[in-house]
Structure formats: C-alpha cells, structure tokens
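What would the 3D arrangement of this be:
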Amino acid sequence: MKRALLFLALVALAACREELAEAPPPSPMTDEALSFFCQMNISEHAGPKGQIHLKGMPGPIFFAQVRDLVAYLKSPERDAEITAIYVSDMGAAQNWREVGHENWISAESAHFVIDAGVAGGMGAPEIVPFANAGAAQDFAARYGGSIVALSAIPDAAALAPVDLDTPLEDPA
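Presented below is the predicted three-dimensional model:
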C-alpha cells in the first residue's frame, strides 16, 4: 500500500514538473510587437501590457492593455490551449508610459487593481498588475479600486462597455 502511494506521489510530482517545463518564458516586448485585437504597436501605448502563449504557436500574442488580455481569457470563442500568461509588473515599471520590455510576471501570481479609474493604453479603464501586494495597495490607495487575483477579476472589469463620458486618470 505504501509503495502504491509513493508511486502515485512520484507520478504526480513528475506530471507537475512536466507541466511547468512546458510553460515558455515571457518574450521581451519589442518595437514590432502588435496588439492582438487592434494590430497596433503596443510599445506606443502607455500602461501595462500582457502576453499569452498558445500551444503550437512560435511566439506569444501581445495585448496593449491588460483589460484586453482578460477579455481574451473570458471570451467564449477562445479555444486554443494556453501555456503561459504574463503581464507587466507595474511595481517595476519606470512610469506609466515606460513600462519596461522585460519586467513580465506570471498573471496567476499577480495582484490586480481593478476599478481604479485609470486609462490603459487604448483609453479604456485598465486592470493594473503588480508582483508585490504592497505596491498594489499603494496604487489602490492613490487611484482607488480593489485588489484581486486573476481568477477573481469580474467579467465587467474587462467586458463592460466603456463609458466615454466618465473621465479616466492618466497616472503618468
């Protein structure tokens, strides 16, 4: 019995290691990276960015706003297997306009500030990611909003229509 349990534990551990090995590392943001939905150059837009790696694809699909990345994740039409999701760590960003090309963090471990009333790269309300919970709390204290995990981001934060009459702050 003990041998069977030990064998099952080893198989489960090997499966976890294999699963981790399949996740590709984040790709640096280049000046040629285009946003998936609008096909605009993401480096020309302020605010946090995102990238999703899909099984069988040679490179990631990029997003000029984290809101767009979350909308993609929540899309019922999406059927490709996701192997990794990365977002900009805004705690490591130089500022809102210069987010950084390589400060990617796993979206699954990020702390997201929602409902802060800040404009992302495409002008819509942004979902702002941080690696450090304290940095997320500082941002929320300054701009408002609440902090949630990726799995707790409500549909409305990414899929609700944008009210063009509601002014959004530019944290530049």
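
count of residues packed around residue 117?
For residue 117, the neighbour count with other CB atoms under 10 Å is 14. All C-beta spots, glycine's among them, are computed from the backbone N, C-alpha and C.

Then residue 55?
A count of neighbours around residue 55, defined by other CB under 10 Å, yields 11.

mind listing what it touches?
Residue 55 makes contact with 80, 81, 82, 83 under the criterion CB atoms under 8 Å, 6 or more residues apart in numbering.

got a list of what the closest residue to residue 57 other than its chain neighbours touches?
Distances taken as CB to CB, 6 or more residues apart in numbering put residue 80 closest to residue 57, at 7.6 Å, once the chain neighbours are dropped. By CB under 8 Å, 6+ apart, the contact list for residue 80 reads 54, 55, 56, 57.

what does residue 90 give?
48, 96, 99, 128, 129, 130, 135, 139.

Name the helix or strand for the first one, please.
So that's residue 48. In this structure, residue 48 sits in neither a helix nor a strand according to DSSP states H and E.

So what's the residue count around the closest residue in space to it that isn't next to it in sequence?
Nearest-residue entry for residue 48: residue 88, 4.0 Å, with adjacent residues in sequence omitted and distances by CB to CB, 6+ apart. When neighbours are defined as other CB under 10 Å, residue 88 has 27 of them.

Surely residue 88 and residue 131 touch.
No - judged on CB atoms under 8 Å, residue 88 makes no contact with residue 131 at a distance of 9.9 Å.

Mutual contacts of the two, please.
Common contact partners of residue 88 and residue 131 (CB under 8 Å, 6+ apart): residue 105.

where do the helices sit along the chain?
Applying DSSP state H to the chain gives helices spanning 2-22, 66-74, 133-143, 155-159.

Report the mean per-residue pLDDT for the longest one.
In this model, helix 2-22 has a mean pLDDT of 46.

And for the last one?
Summarised as a single mean, pLDDT over helix 155-159 is 94.

which of the residues in it are buried?
Residues of helix 155-159 classed as buried: 157, 158 (neighbour count, 16 or more other CB atoms under 10 Å).

May I have it exported as CSV, CA atoms only?
Extracted as CSV, the C-alpha positions of helix 155-159 are listed here (Å, rounded to 0.1, in the frame of the first residue of the first chain):
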residue,chain,number,x,y,z
ASP,A,155,-16.4,40.0,-16.2
ALA,A,156,-17.5,43.6,-16.1
ALA,A,157,-13.9,44.8,-15.5
ALA,A,158,-12.9,43.5,-18.9
LEU,A,159,-16.1,43.1,-20.9
